[in-house]
Structures are given as structure tokens and as C-alpha cells.
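J.: Here is the input, now give the coordinates:
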Amino acid sequence: MTVQRRLLISNVLMLVIPAVFAVFMALGGLFLVFVSVFPNAEYRLGVQNELLETRSQTVELVTSWLDEVNPEQKREVEQQISQLLDRNHMILQVWEGQTALWQREGETIPSQAQLEQSLAALDGQGTVSNSTYDLFGAHITSQDTDYQLRLYNPVVSLSHDTLKSWGIGIGLFLVVLLLFVVVLTNRFLTRFVFRHIAQPLKILGEGVHQIRDGNLTYRISYTEPDEFRPICEDFNDMAGRLRDSVSRSQKEEESRKELLAGISHDIRSPLTAIQAYVEGLLDGVADTEEKRTAYLSIIQKKSVEMDEMVRKLFLFSKMDMGEYPYNPEELDAVKEIGDFVKASAGEYRRRELAVQVGPLPAKAIIFADPTYFRSILMNLLDNSAKYKKKETGSVTITGGIAGQTLHLYVDDDGPGVPSEALPKLFDVFYRNDPSRKNPKQGSGLGLAIVWKAIERMGGSIRGENLPQGGLRMAMEIPLAERRQKK
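T.: Next up is the predicted model:
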């Protein structure tokens, strides 16, 4: 039951219960008004119909008793008469002239001369009363003999003062009872409503304390179909998101530490080399023109490496913060791949990497920034060139369309990577060489830039080891029609 329904029931009962008792109190007040208006009245209690029926039964039984000649039957009728009299607290007399035929032993009738005179005035038939006793008289004829029946019954009545006292007492009792019932009802309804509020609040409080103490795996179990259930579900969702956020923050913190360590190492290596060759020049170690040219060539190469690394680091930082310009347009990915390979094939041949374009769809329109797309291709090919093991490595670019998605594959014949390293390939500054002993293999920023660029296009990328050896970079990029529908 929902809290709203419980509150509705509580409010209704808080009105109905006092109203019922107010009705009783109003009836008691009317009774007091009545006894005040009629101060001299007396109120007889009893059911008149039952009294008349009892008198009629008594007359019938006495008639049967007078008519009966069988002694056993007569005694049975006497027993019936006695039981009826005892049950109704009555006294019976049967007279034949001045002789009493029925008078039970032990029964005494108080002096009721006035009643007897009044009954005699009625010729012995009818009912007379003096507010203490009623006297009912009747003539019975049996076997040509006349008998008189006299039946006494006490009158239960209340005087005005007694009724007034009772009314005041009952009124006070009803007032006290009303207050008691209101208090009791309030306590019951308060527990009825707030017990189902306090318990969920306690559960939520415990969950908050668990989260505060760092237990991000804690979840609330609450199945009652009320307003607190969605709150508890939202709490669990919040706890799950908070846990994911903390995990991401920890991972980002670790990435920042690795970033700083990577930058320090990768910048220090070329700087150390530059410093060493500059000192060699200054100290005259390079004493021939040929040596000086070689030293300057190495210094230039290291400077280019540093400039390339700084450029990539700047590009990644801008992309990570969302500040790098992104101007998407409808782009034919197949044409872009062909143009890029034609323009860069000579450069990669000098780096001893053969680039081939395999089966591709005739046309694949995507919604992307051309600069981002060419950056993806360049970084993937650079990565293959750096990690090749053969004297002349090879890379094949293939692809196809499935549904509303372009699938591109960049396969090389390099050494591949360990299976446990595949999920980390796109982490910033990650290298398959943890010791970073081979600086020629790059800074580890290239694949991180690829990840950011693919993500910006709404696609995804993953690394896979090929069965025959080598590494595959599998990309999924939504076609322009799919992007427009979203």
C-alpha cells in the first residue's frame, strides 16, 4: 500500500471515529435536555409486548390447571406455571370467592390494599399500578365455577433525578472515552502511516552511511510497492554510477601518472642524446667535417622526434578536452583512403613498409572531419612501421558495409601483441614495451589519438591478433544516413 493511500485512510478514520462518538454524545445531550424539560416524569423500563404475552400465557396455564383432573398432569402444569413466574419475577394468586386456591409457599405480597381496591373498582379485571407493582386481574370460569386471577409484577422505573445523574455520568464517560479514542486512534494511525515511512528512511540512511564509508558495492533491497521503491532503485543506480565514476577517476589518475612518467622518459631520452652530441661538438670530439655533419644530423633527428611527440601530445590534449576543431562533413571514406595511400606510399616505402588496398566497397559516405580521418590512417600506418619485424613490412587496408556501418580493417604482418595487452593498446602512453627501452617505437600517443578521433565520429576500434601472425585494427564507423537519423 502506498504512503498516499495510507494517509488518505488515516485522515478518513481521524474524521469518522470522532464523528461516531460525537453522535453518541449528541444523543446523550438530547437525553439530558429531555429530562430537564420534563422534570416530574418517570420512565418505565420494560417491553410491553412481552409483559402482555406473559400474562396471556399465565391465564392459559391457570385455566388448564383448573380444568385438569389428572393429578400427574395437574402437577406438570403447576411446574410450568412456577417456571414462568420465576422467569418473569411475578407473584400469582388464584381465588375462589374468599378462598386462595394458588399461593406458593414463601411468597409474600406487600400490603397493596390500594391496588386491590383499584382492581375491585374495575370489577376485578384489567391492570392497575402504583409505580412499585402492577396488578393484573382476570376472571376465569372452569367447570361452572368462577375464579379470580391476580398477577403481581414489579415495576422497574427511574426517577428524573436518577436519569439526570445517569445522563451526566454517561456524558462525562463519553467525553473521556472520546478523548481516549482520539488519542488511541492518533497513535494507531501514526504508527500505521509512519511505520511505513520510518523503515524505508532507515534503509536509505543505512545505504547512505555505507556509501559515505566507501562501500560502493552496497545495494538497497526494497520491494514494497510504494513511493520509496523508485527512490531506492535510483539510489542503487546512483551507487553504481558513483562506483563507475570512482573507477574512471582512479583509472584517469593512473593514466595521468603514466602520462607524466611517459612524457618525462620520452622527452629525456632525445634531450640526453641532443645534450651529449652538443657537448661533443663543443668539446671538439667531432674533429672532422664528416663527424660534425653526423652529429648535427643526429641532433636534427632527435629534435624532429621531440617535435613530433610534442605535436601529438598537444593534439591529444586538445582532443581530450574537446577543444580541437572538428568540422565534420559528408566524406567518401573509400576515396579518402585511396588518396591518402597514393600521397603517402613513397614515404612509407622509404620506411620499408608496403601499403596495399584490398577489397573495399565502391563508395562509403561517412560524416567526419577529413583531418581526423587522415590522422587515423596515418597513426595506424605509423604504428605498423614502428613495430615491424621484417626488413620490409606490409599493411593491407580492407573493408565492407554491414547495415548502416562501415567496417574497416588495417592488417599488418608485425609481431602482434600479447592477448592481455589488447585492451590497453589505446591507453595514452601505453607501450607493449613496459620498460620503454626502445624509444624508436614511439611515445604511445598515436593509438590514443586514433581512439579519440574514432570516438568523435561515433564509431569504435579494437585490436585483434591475426591467426597467421600480425595485428588487425578493426574499426566501425556509422554511415552518414545513420548519423542523420540519430
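J.: Outline the domain layout of the protein.
T.: Using automatic domain parsing, the domain ranges for the chain come out as 3-42+160-203, 43-158, 227-323, 325-485.
J.: any idea which of these is most buried?
T.: The highest average neighbour count among these, using mean count of other CB atoms under 10 Å, belongs to domain 325-485 at a mean of 17. Where you see a C-beta, it was placed from the backbone N, CA and C, and this is true even at glycine.
J.: How are the strands of the stretch 351-486 of the chain distributed by residue range?
T.: Under the criterion DSSP state E, counting those that start in this stretch, the stretch 351-486 of the chain contains strands at 353-357, 365-368, 393-402, 405-412, 460-465, 471-478.
J.: Can you add distance to residue 209 and give the domains of the chain back as TSV?
T.: Compiled in TSV, the domains of the chain are given as follows (distance: least, CB to CB, whole Å):
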stretch	distance to residue 209
domain 3-42+160-203	11
domain 43-158	68
domain 227-323	12
domain 325-485	35
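J.: Which one of those lies nearest to residue 220?
T.: Closest of the domains of the chain to residue 220 is domain 227-323, at 4.5 Å (criterion: CB to CB).
J.: still on that earlier bit, now the strands of the stretch 351-486 of the chain as CSV including mean pLDDT and distance to residue 278?
T.: As requested, those are exported to CSV (pLDDT from 0 to 100; distance: least, CB to CB, whole Å):
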stretch, mean pLDDT, distance to residue 278
strand 353-357, 92, 32
strand 365-368, 92, 43
strand 393-402, 93, 34
strand 405-412, 94, 37
strand 460-465, 92, 39
strand 471-478, 93, 38
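J.: Counting by contacts, list what the helix or strand containing residue 346 packs against.
T.: Assessed by DSSP states H and E, residue 346 sits inside helix 333-350. The contact analysis (3 or more CB pairs under 8 Å, 6 or more residues apart in numbering; DSSP states H and E) places helix 333-350 against strand 353-357, strand 365-368, helix 370-387, strand 393-402, strand 405-412.
J.: strands paired with the helix or strand containing residue 140, and their directions?
T.: Using DSSP H and E, residue 140 maps to strand 133-142. With DSSP bridges as the test, strand 133-142 is paired with strand 126-129 (antiparallel), strand 145-154 (antiparallel).
J.: So which residues make contact with it?
T.: 51, 55, 59, 62-63, 66-67, 94, 110, 112, 115-116, 118-119, 122, 124-129, 146-155 (CB atoms under 8 Å, 6 or more residues apart in numbering).
J.: The helices and strands packed on helix 333-350 into TSV, with extra columns for distance to residue 201?
T.: Shown next, in TSV, are the helices and strands packed on helix 333-350 (distance: least, CB to CB, whole Å):
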stretch	distance to residue 201
strand 353-357	66
strand 365-368	50
helix 370-387	51
strand 393-402	52
strand 405-412	49
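J.: Nearest to residue 223, out of those?
T.: Closest of the helices and strands packed on helix 333-350 to residue 223 is strand 405-412, at 41.0 Å (criterion: CB to CB).
J.: Neighbouring strands of the closest one in the sheet, and parallel or not?
T.: Short version: by DSSP bridges, strand 405-412 pairs with strand 393-402 (antiparallel), strand 471-478 (antiparallel).
J.: Report the inter-axis angle for the first one versus helix 333-350.
T.: Taking axes from the mean of the first three to the mean of the last three CA atoms, to 10 degrees, one finds strand 393-402 and helix 333-350 inclined to each other by 170 degrees.
J.: Point out where the stretch 251-400 of the chain drops to low pLDDT.
T.: The model of the stretch 251-400 of the chain has pLDDT under 70 over residues 255, 258-260, 262-263, 265-266, 312-313, 315-316, 319-324.
J.: Please repeat the previous calculation with a cut-off of 80.
T.: Where the stretch 251-400 of the chain drops to pLDDT under 80, the residues are 251-270, 304-326.
J.: That'll do, ta.
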